[in-house]
Structure formats: structure tokens, C-alpha cells
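Chemist: I would like the atomic coordinates for the input below:
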Amino acid sequence: MNRSLSSIAAILALGTAMPALGADSMFPDMRPSYGNEWGQSEDNPLRMEAGLRYWYSLGEQNANVGGTSYDTKDRSHILEGHFRIDDDYTSTFVKGQAGYAVYTTGDYETNVGVPSPFEGGQIGYAGADFGYTPFGNETFRLGALVGYQYNRESPDRNRYDVLNDDGLNIHSLRLGVTAHADINEMFDIDAEVAAIPYAYGYGASSEIPMADTVIQGVTVNRTRTETSGALYGASGQIMLGFHPTENLTIRVGGRAWLLDGPSSSRQKWWEASTPDSYIYSDQNLNGFSLLRYGALAELTGRF
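Modeler: Sure, this is the predicted structure:
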């Protein structure tokens, strides 16, 4: 009797242990649960930064229509917001920026008149780039970028009438090379050069009242110039950074944009007798160019 009870107890004990033994053999390396601090791992590959820039910018626009040159030069104070996200695991990054001139002055002139000063205007831009930096090491990275940028280049327009189609609007494709180097724990240098293989620009001047004039057999009393065309060019930027704390960066440097290319222009004339009726006179827009350059200062937080 005692022997039977001992045998039964041994069999029950063995049966109880079998599932545990089987589980250990089937799943020998089960991963333990995450700790409370898993989200703050130092192995997180994402690095982020965001901040503000001030750009003291000098701009020039030059064109020739029908033998008459039109030149605009401005001095603009631009405030810009920017961000950048780096993924160290894939060696990629995304960055973006948007800026607008808070104050602009300049001069507009033609070869048949005296310069006309102006104040105000619309200078703005917004864009984003995607980059890949597979070359380098922990202190130096080199790669390429592709991006899009929109520019509003209307320094002599009413700055509060931003929805009007007067002025110059440009949509650009950017293809470039980018590099970043950490000089030491306190300083770094960041640079990029981009080609603009294609950009589309369009815009118009404001309506100009005029004395009754006969154009193409029609008496007109108002006119406006409309332009459009494909452009190409390049841009560049270089910044020297200083890190007073682990999460704060101060940078200074410079930036330049250049666009050029053939475009078309046409004069729109409104009939004096029928205000809603108009005629067009097409012309070539020769020698159009746009240049903007100046000094940059940046304050950025790193996360």
C-alpha cells in the first residue's frame, strides 16, 4: 500500500515537471520584458534639432525686355525657422526651413529712368530636403541630398497683399552634396552645395494706368506685364557651429542662391472703351537673373 502511494506520488511529480522542462527546451532564450527606462535608451538612432536663423540678405533681379533693362536691388532682414532629423541607423536625414523678410528696402530702376526707392516687399521661401550620408565616420559625414523649394521674390510689392499673383513665384528642384565635420567637442562645420537643374518661375507686375494709346488698332488705357519660364542655377551654404552646452548650438556663416534662364514676357493691355476686354503683345524676356546672398546667424536646440 505504501509502495503504491509512493509510486503514484512520483508519477504526479514527474507529470508536473514535464511542461516546465518542455517549455525550457523549446524556448531556451526567451527575451526578458522591457524595463521602465527602455524609451530612453542611449542606442536611439534619431537625432533632432530645431531653431531660428537671421539672414541679412542682399538681392538682385535683372531683366531685359524689348531693349529696356529692368533692375531691382534690395536689402532684406529675414527671420527663418528650421528643423533637421538624422537617423544614424540608415545614415539618412530630413530637414526643412521657411523664412520671410520682416523688413526690406531697395531701389528699382530702368535704363530710361532714374532709380525709384521702395520699402516693404515680399521676400519669402519654404522647402525641404531628404539626404543620405553613407561616407565617413563618427566625426565626418559626406553624402547627397534632393529637395524642393518655393521662393516668393517680390521686393517691390505690397507686403500685405500676399494672395495677389503680382510679383515673382519660383518652384525649384534641388540636387546637391552635403558634408558635416566635428572639429572637436566645441566646434563643427556644416556645408552644402546644390545644383538647381530645373525651376519654374511666373509672375506679373501691378496694373499701370496710362493715357489712351492705340496698340494693335485698339485704344487702351491700362497695362501689365506677365512673365513665365524655365530657370536653372545653384545654391550654397556654409556654417561654423559652436556648442556652449550639450543641447545648444550657435552657428554663423553665409548663403547664396543664383537663378538664370530664358523666359517669355507678354504685355497685357485693357481697352479704354470696354474695361473687361484686353489684348496681348508677346515678347522675349532676355537676360533674366536672380541673385540672393548674405550672412547667416543661427540659434539651435538639439534633442
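Chemist: before we move on, which element is H180 in?
Modeler: H180 is located in strand 167-182, with elements delineated by DSSP states H and E.
Chemist: so where do the strands sit in this structure?
Modeler: Listed in chain order, the strands of the chain (DSSP state E) span residues 46-65, 68-87, 92-110, 116-119, 122-136, 140-154, 167-182, 187-204, 208-215, 218-245, 248-260, 263-271, 278-302.
Chemist: counting contacts, what elements does the first one pack onto?
Modeler: Other helices and strands packing on strand 46-65, by 3 or more Cβ pairs under 8 Å, 6 or more residues apart in numbering; DSSP states H and E, are strand 68-87, strand 92-110, strand 248-260, strand 278-302. For glycine as for every other residue, the C-beta is placed from the backbone atoms N, C-alpha and C.
Chemist: Tell me the bridge partners for the closest residue to G51 other than its chain neighbours.
Modeler: Distance criterion Cβ to Cβ, 6 or more residues apart in numbering; nearest residue to G51, sequence neighbours excluded, is T300 at 3.2 Å. When assigned by DSSP bridges, T300 has beta-bridge partners G51, T249.
Chemist: quick revisit: for the strand holding H180, what is the distance to the chain centroid?
Modeler: 7 Å (Cα atoms, centre = their mean, to the nearest Å).
Chemist: in that strand, what's buried?
Modeler: Going by neighbour count (16 or more other Cβ atoms under 10 Å), the buried part of strand 167-182 is 167-170, 172-174, 176, 178-180, 182.
Chemist: Stretch 74-89 too?
Modeler: Buried residues in stretch 74-89 (16+ other Cβ under 10 Å): 74-76, 78, 80, 82, 84, 86.
Chemist: For these, could you give me JSON lines that also reports distance to Y280 and pLDDT?
Modeler: JSON lines is the format used below for the buried residues of stretch 74-89 (distance: Cβ to Cβ, whole Å; pLDDT from 0 to 100):
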{"residue": "D74", "distance to Y280": "29", "pLDDT": "94"}
{"residue": "R75", "distance to Y280": "35", "pLDDT": "96"}
{"residue": "S76", "distance to Y280": "33", "pLDDT": "96"}
{"residue": "I78", "distance to Y280": "35", "pLDDT": "98"}
{"residue": "E80", "distance to Y280": "38", "pLDDT": "98"}
{"residue": "H82", "distance to Y280": "42", "pLDDT": "98"}
{"residue": "R84", "distance to Y280": "46", "pLDDT": "97"}
{"residue": "D86", "distance to Y280": "51", "pLDDT": "95"}
